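>>> requesting a structural model of the entry that follows:
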Amino acid sequence: MAFNTKRLGLVLIAVFYVVLTNAQSLVSGNEKVGEAEVNLSMDVATSSSAEPITSVTVMSLQERQKLAAAQGQNLRIGFINFRRIMASIPQLKTVSESLEREFASQKSTLVTKQQDLAEMEQHLSTLERGDAYSDYEKQVIAKRRDFVREEASYRDAYSVRRNEEVAKLQRIVVDEIVALAKELDFDVILNDTGVIYVSEDADLTAIMIERLRSRGE
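Model (predicted):
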């Protein structure tokens, strides 16, 4: 019985040694597989970086050079509150005074007619109902109609002239803004409604036109 027990122990030791050896071999094999996967991944990454996939060239060399130059430099961007300028400059007051002189005669005529109409309406209120009242009321209505038409014509004419003069003043202001931007080396000038000025270095319009033309061919 003792011999059998000893033999059984030796058998168990041998089995344990075989299992342990196989386990170490399996772990070593997995490590090699892992290393192979890492090496494969690195090879793929290296291959991708060494030989990039070529794509269809959309932009010409000249386009890319100009775009790179525009992106590479530090563009100076400024802001102008155009509405504030127009409301603050003395030239606007000069325009208003000039228009007042231009339309002074028409305005004086309207004021006189308005006073006459007010007197007629006051007189109408003192008359009793009857034929005289009806006839005079028709005169007041006709007078009021003529005054409203002439006043509307005056306002329209004044508005048209004012818009013309303000447009001239706005062009003067824009020219001064552009001159200031060039003097101070600004590339883009923004205002409260959009863009007033863009330098050639910051303008990509020509590049976009050439790009679209190349695609349309």
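>>> what is the burial count for Ile189?
22 (other C-beta atoms under 10 Å). Any C-beta I mention is one placed from the backbone N, CA and C, and that applies to glycine too.
>>> same question but for Ala181, I mixed them up
Neighbour tally, Ala181, other C-beta under 10 Å: 20.
>>> list the helices and strands the helix or strand that contains it packs on?
Using DSSP states H and E, the element containing Ala181 is helix 131-183. Contact analysis of helix 131-183 by 3 or more C-beta pairs under 8 Å, 6 or more residues apart in numbering; DSSP states H and E lists helix 82-88, helix 90-102, helix 104-124, strand 188-191, strand 195-198 as its packing neighbours.
>>> for the first one, which positions count as buried?
When neighbours are counted by 16 or more other C-beta atoms under 10 Å, the buried residues of helix 82-88 are found to be Phe82.
>>> same check, this time on the third one
Neighbour counts using 16+ other C-beta under 10 Å place Leu110, Lys113, Leu117, Met120 of helix 104-124 among the buried residues.
>>> then the second one?
Taking 16+ other C-beta under 10 Å as the basis for neighbour counts, the residues of helix 90-102 that come out buried are Leu92, Val95, Leu99.
>>> do the last one as well
Buried residues in strand 195-198, counting neighbours by 16+ other C-beta under 10 Å, are found at Ile196, Tyr197, Val198.
>>> neighbouring strands for it, and are they parallel or not?
Strand 195-198 has the following strand partners under DSSP bridges: strand 188-191 (antiparallel).
>>> which one of the buried residues of strand 195-198 is nearest Leu184?
Tyr197 (11.1 Å; C-beta to C-beta).
>>> helices and strands of this structure: which one has the lowest mean pLDDT?
helix 2-50 (a mean of 41; mean pLDDT, DSSP states H and E).
>>> hang on, the earlier thing: and the helices and strands packed on helix 131-183 as TSV, adding distance to Tyr154 and mean pLDDT?
TSV is the format used below for the helices and strands packed on helix 131-183 (distance: least, C-beta to C-beta, whole Å; pLDDT from 0 to 100):
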stretch	distance to Tyr154	mean pLDDT
helix 82-88	24	90
helix 90-102	12	94
helix 104-124	5	94
strand 188-191	33	90
strand 195-198	34	89
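>>> please produce CSV containing the ones you listed, extended by distance to Arg161.
Formatted as CSV, these follow (distance: least, C-beta to C-beta, whole Å):
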stretch, distance to Arg161
helix 82-88, 17
helix 90-102, 6
helix 104-124, 11
strand 188-191, 25
strand 195-198, 25
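>>> kind regards, and thank you for your time.
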